[in-house]
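*Asks:* Could you work out the structure for the sequence below:
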Amino acid sequence: MFEYAKVTLLSMTPNPDQLIERAGRISHKSEHKIKEGSAEKFIKKYALKLGHESILEHANVTFLIKNISRVSSHQVVRHRLASYTQVSQRVVDPSGYIIPPKLLGVDRDYYSRSVERSINHASTIEGLGGLQEDVRYLWPNAISTELIMTINFRSLRNMFKERLSKGAQWEIKTLVCCMYLILRDKTCCFDDEIDLWVNAHSLLLNEYNIMIDVDETNDFAYGYYIGGE
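*Replies:* Take a look at the predicted model:
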């Protein structure tokens, strides 16, 4: 089974919805209206419907992201405000590479030989005395990587909007689908983006044979290829 974009939840602001409500109400000194169950109604009205999203920045989440290509990680790190720590190619050798799903049944062998040839050429040059920080220039963007991302809820909403859209590339769409699936039952802050997720997941399944699954007990999700090899 070919897996794509395994995402694990490492940490999240405790009781994020309650914190966001408290932050929103302090501006008008209406904290006395806080009661059990009031956070969801408050967030959906003021943040999601009326667009007062600055209060969402008080909550954040940290994900461990594995099994994505450098192509996808370059797209991920464009999203701000967020913090990233990624595996360094300067000191860590390649440990695998990503095969696009539409190449698995068509040009898989040729693709794999091309990627492996580049990696082997880099190793040869390193064996002749080249520094890894230099030979990594030969490594293809297909090489898999991993990183830790910490992002606030407002920025994550923007990421969902852009990367669950029809025009987003399949790999980062898979990654963001995993993030959404992990968070959907933990906060109401992304409830209005459920249609984006449904459409994105349907596209991945129908056009790329990629299914998204979640382990709610261990807080991780991943995409995997269900088509024939």
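*Asks:* tell me the contacts of residue 198?
*Replies:* Contacts for residue 198 were tallied using Cβ atoms under 8 Å, 6 or more residues apart in numbering; there are none. Where you see a C-beta, it was placed from the backbone N, CA and C, and this is true even at glycine.
*Asks:* From residue 212, how far off is it?
*Replies:* As defined by Cβ to Cβ, to the nearest Å, residue 198 lies at a distance of 11 Å from residue 212.
*Asks:* quick check: domain ranges of the protein?
*Replies:* What automatic domain parsing lists as the domains of the chain is 3-87+143-225, 101-138.
*Asks:* name the helices or strands packed onto the longest helix anywhere in the chain?
*Replies:* With secondary structure taken from DSSP state H, the chain has its longest helix at helix 108-127. Helices and strands touching helix 108-127, by 3 or more Cβ pairs under 8 Å, 6 or more residues apart in numbering; DSSP states H and E, are helix 132-135.
*Asks:* Give me the pLDDT for the residue of the chain most remote from its centre.
*Replies:* When distances are taken from the C-alpha mean of the chain, residue 128 lies farthest, 37.9 Å away, according to Cα atoms, centre = their mean. We have a pLDDT of 79 for residue 128.
*Asks:* Which stretches in this protein count as strands?
*Replies:* 3-12, 60-69, 82-86, 144-152, 210-215, 220-225 (DSSP state E).
*Asks:* contact partners of the first one?
*Replies:* By Cβ under 8 Å, 6+ apart, the list of residues contacting strand 3-12 from outside reads 59-68, 72, 98, 101, 148, 171, 174-175, 178-179, 182-183, 186, 210, 218-225.
*Asks:* Give the buried residues for that strand.
*Replies:* Residues of strand 3-12 classed as buried: 4-9, 12 (neighbour count, 16 or more other Cβ atoms under 10 Å).
*Asks:* which one of the residues you listed is nearest residue 117?
*Replies:* Set against residue 117, the nearest of the buried residues of strand 3-12 by Cβ to Cβ is residue 4 (23.0 Å).
*Asks:* The closest one pairs with what?
*Replies:* Applying DSSP bridges to residue 4 gives these bridge partners: residue 223.
*Asks:* low pLDDT regions in the protein?
*Replies:* 1, 228-229 (pLDDT under 70).
*Asks:* Pull the residues that contact stretch 115-134.
*Replies:* For stretch 115-134, using Cβ under 8 Å, 6+ apart, the contacting residues are 89-91, 93-94, 97, 135-136, 138-140, 142-143.
*Asks:* nope, stretch 88-98 is what I meant
*Replies:* 4, 67-69, 71-72, 115, 119, 132-133, 136, 139-140, 142-144, 171.
*Asks:* again, only using 7 Å
*Replies:* 68-69, 115, 119, 132-133, 136, 139, 142-144 (Cβ atoms under 7 Å, 6 or more residues apart in numbering).
*Asks:* Tell me which of the domains of the chain sits most buried.
*Replies:* Compared across the domains of the chain, domain 3-87+143-225 shows the largest average neighbour count, a mean of 17 (mean count of other Cβ atoms under 10 Å).
*Asks:* just how off-centre is that domain within its chain?
*Replies:* 8 Å (Cα atoms, centre = their mean, to the nearest Å).
*Asks:* now swap in stretch 102-112 and tell me
*Replies:* 25 Å.
*Asks:* Output that stretch in CSV with nothing but the alpha carbons.
*Replies:* Presented in CSV, the C-alpha positions along stretch 102-112 are these (Å, rounded to 0.1, in the frame of the first residue of the first chain):
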residue,chain,number,x,y,z
LYS,A,102,-1.2,8.8,-11.6
LEU,A,103,2.2,7.5,-12.4
LEU,A,104,1.8,4.3,-10.4
GLY,A,105,0.1,2.4,-13.1
VAL,A,106,1.7,4.1,-16.2
ASP,A,107,5.3,5.2,-15.8
ARG,A,108,6.2,3.9,-12.4
ASP,A,109,9.3,2.0,-13.3
TYR,A,110,10.8,4.8,-15.5
TYR,A,111,9.9,7.4,-12.9
SER,A,112,11.6,5.3,-10.1
